[in-house]
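**Q** quick one: sequence plus predicted model below, questions after.
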Amino acid sequence: MSAAEGPLVVGVDSSTQSTKVLVVDAATGRVVASGQAPHTVSGGAGRESNPRQWWDALHAALHQCGEAAHEAAAVSVAGQQHGLVALDARGEPVRPALLWNDVRSAPQARRLVEELGGAKEWAQRTGSVPGASFTVAKWAWLAENEPEAARSAAAVRLPHDYLTERLTGQGTTDRGDASGTGWWSSRTEAYDEEILARVGLDPALLPRVVRPGEVAGTVRDVHDLPFAKGTLVAPGTGDNAAAALGLGLRPGTPVLSLGTSGTVYAVSEHRPADPSGTVAGFADARGDWLPLACTLNCTLAVDRIAALLGRDREAVEPGTVTLLPYLDGERTPNLPAASGLLHGLRHDTTAGQLLQAAYDGAVHSLLGALDLVLDQDADRTAPLLLIGGGARGTAWQQTVRRLSGRPVQVPQAAELVALGAAAQAAGLLTGEDPAAVARRWKTADGPVLEAVERDEATLARISGVLSDAAPLLERGAETR
């Protein structure tokens, strides 16, 4: 390892599928070491993971970084949002964590919205209208379906909170991740005790919300981690808020992220409150806001279609067939019980056309929410920043260009969630805004693909099929 120009920091991305660790030179943004270890997620009716494997994966990924991790002065953990981690009095999970893409709590989400004043009241109060992804709905599901587990919980955490607490011994979270629970009020920036009472959750079980730039604690000297004693621990945050830090986002710049889920978001100086529920009014990790729309079905769904067809994921052909790839239900549009739908199949339809239709269906959902995400101050002609695992795929890039009609910029920096966490850790040491740290690191630099004419015909065709099929999609729960 060559000498670093500044102190070293560690950024952690604990995602649905794996934990990734970067050791970064705080002065230059150069990645000096990295590690990665996988997680497993249950199949069947739910989506669950044992939180202990996140901790084991963090151990493994850190040890892959060698001496560089030991030299780090600060660390920050970013994690998958919304997951419900219920712990007993010894800090052990009482059951596997319910993950963001577990949609079994859809009935509880609908009931909560109705019982507490309707969608508009929820949006004004918490910034979001909770769906099955939100932690408040998952806790309501747990209390209803596994009351013994709910009663035995001595602490309730989000995935990033769990890892941060294992590092420091203190129960903390941040405003960005707390805003995705459904029990944190964006209006007051505090836990909403009426909502907590409604779902039977004692506020004493929740972590303290630390402020942006505040030290959450120091690494305890009680476990076999390659950190020096006293290494500073930053607040951490949710994965999308961390990616926003990692890009150094300024207000109004649109982001389209292509991962297990697909998201569109932008930093805003205005507190969002969308009563339709399409846009979640999240907080960011700095003190501003991060209005965001999310789809459950993105790269995994398209890859599954490619596998079913026996095609390489890039082997697409233009056509007029429509495929709504709602393989895991859907969040945008809010159809948690839906399944995939294919329309327009003919004798001359090719496998490549079916695959392109899957791309089109996934991107259509994201772009449909983009205008609602962007506020009045946004530049609607600026390039879309395309990030995530699919961002370097030619078929994804061309589909986004064709259906958006906007220029697309693909940042060269990889692992933006971990880089955002590293920027947050660096900010503890330098006193800088983490987004300014990332801009200094030039993380968003990358080629810009010029705009092409927007494919209005395809957008209209997909919208028409979605509208006509709405009753069928909404009846999905009756046939599962």
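**A** That came through fine.

**Q** quickly find the element holding the residue in the chain sticking out farthest from the centre.
**A** Distance from the centre of the chain peaks at H347, with 39.6 Å (C-alpha atoms, centre = their mean). Using DSSP states H and E, H347 is not contained in any helix or strand.

**Q** pretty sure G287 sits in a strand.
**A** No: under DSSP: H, G, I helix; E, B strand; the rest coil, G287 sits outside any strand and is assigned coil.

**Q** that one touches P212, doesn't it?
**A** Yes: counting by C-beta atoms under 8 Å, G287 sits close enough to P212 to count as a contact (5.3 Å). Heads up, the C-betas are built off the backbone N, CA and C, glycines and all.

**Q** and these two? which has more neighbours close in?
**A** A count of neighbours by other C-beta atoms under 10 Å puts P212 above the other of G287 and P212, at 20 against 13.

**Q** wait, what's in contact with that one?
**A** P212 is in contact with D174, R175, P235, A285, R286, G287, counting by C-beta atoms under 8 Å, 6 or more residues apart in numbering.

**Q** for these, pick the one with the most neighbours.
**A** Neighbour counts for those peak at A285, which has 32 neighbours (criterion: other C-beta under 10 Å).

**Q** assumed A421 was part of a strand.
**A** No: according to three-state DSSP, A421 belongs to no strand; its state is helix.

**Q** number of residues surrounding it?
**A** Applying other C-beta under 10 Å, we find 38 residues neighbouring A421.

**Q** would you confirm that it contacts A234?
**A** Yes: between A421 and A234 there is a contact under C-beta under 8 Å: 7.5 Å.

**Q** now the common contact residues for those two.
**A** With contacts taken as C-beta under 8 Å, 6+ apart, the residues that reach both A421 and A234 are S76.

**Q** can you tell me how far the nearest residue to H223 once chain neighbours are set aside is from A285?
**A** Of all residues not flanking H223 in the chain, R166 sits nearest, at 7.6 Å (C-beta to C-beta, 6 or more residues apart in numbering). Per C-beta to C-beta, to the nearest Å, R166 is found 20 Å from A285.

**Q** what of H347?
**A** From H347 over to A285 the distance is 53 Å, taken as C-beta to C-beta.

**Q** for W139, same thing?
**A** Going from W139 to A285 by C-beta to C-beta gives 23 Å.

**Q** same deal with G6?
**A** Separation of G6 from A285 (C-beta to C-beta): 21 Å.

**Q** contacting residues around E48?
**A** V41, S42, R95, P96, A97, L98, L99, D102.

**Q** A strand includes A204, no?
**A** No: applying three-state DSSP, one finds A204 to be helix, outside a strand.

**Q** what does the pLDDT read for it?
**A** pLDDT for A204: 97.

**Q** repeat for D224
**A** 84.

**Q** list the buried residues of the longest helix anywhere in the chain.
**A** With secondary structure taken from DSSP state H, the chain has its longest helix at helix 351-373. For helix 351-373, burial by neighbour count (16 or more other C-beta atoms under 10 Å) applies to 351-370, 372-373.

**Q** just the endpoints, please. Distance across stretch 330-341?
**A** Stretch 330-341 has its terminal residues 12 Å apart, counting by C-alpha to C-alpha, to the nearest Å.

**Q** show residues contacting it.
**A** Under the contact criterion C-beta under 8 Å, 6+ apart, stretch 330-341 has outside partners 103, 106, 131-133, 261, 277-278, 293-297, 301, 323-327, 329, 365-366, 368-369, 465-466, 469, 472-474, 476-477, 480.

**Q** out of those residues, which are buried?
**A** Buried residues within those, counting neighbours by 16+ other C-beta under 10 Å: 103, 106, 131-133, 261, 277-278, 293-297, 301, 323-327, 329, 365-366, 368-369, 465-466, 469, 473, 476.

**Q** mind checking which of these land in strands?
**A** When DSSP state E defines the strands, the subset of those inside them is A293, C294, T295, L323, L324.

**Q** how close does the second one get to A280?
**A** For C294, the distance to A280 under the criterion C-beta to C-beta works out to 7 Å.

**Q** swap in the third one?
**A** Relative to A280, T295 is positioned 12 Å away (C-beta to C-beta).

**Q** do the same with the last one
**A** Using C-beta to C-beta, one obtains 21 Å as the distance from L324 to A280.

**Q** got a list of what the nearest residue to I462 once chain neighbours are set aside touches?
**A** The spatial neighbour of I462 that comes closest, neighbours along the chain excluded (C-beta to C-beta, 6+ apart), is H364 at 4.6 Å. Applying C-beta under 8 Å, 6+ apart to H364 gives the contacts L403, T458, L459, I462, S463.

**Q** repeat that for 10 Å
**A** Residues in contact with H364, defined by C-beta atoms under 10 Å, 6 or more residues apart in numbering, are T295, T322, L324, T399, L403, T458, L459, R461, I462, S463, V465, L466.

**Q** I'd guessed W441 sits against A413; true?
**A** Yes: the criterion here is C-beta atoms under 10 Å, and W441 meets it with A413 at 7.8 Å.

**Q** these two: which has the busier surroundings?
**A** W441 (23 against 18).

**Q** before we move on, the earlier item: pick the one among the contacts of P212 closest to A73.
**A** Distances from A73 to the contacts of P212, taken as C-beta to C-beta, are shortest for P235 (16.1 Å).

**Q** what pLDDT is listed against that closest one?
**A** For P235, pLDDT reads 97.
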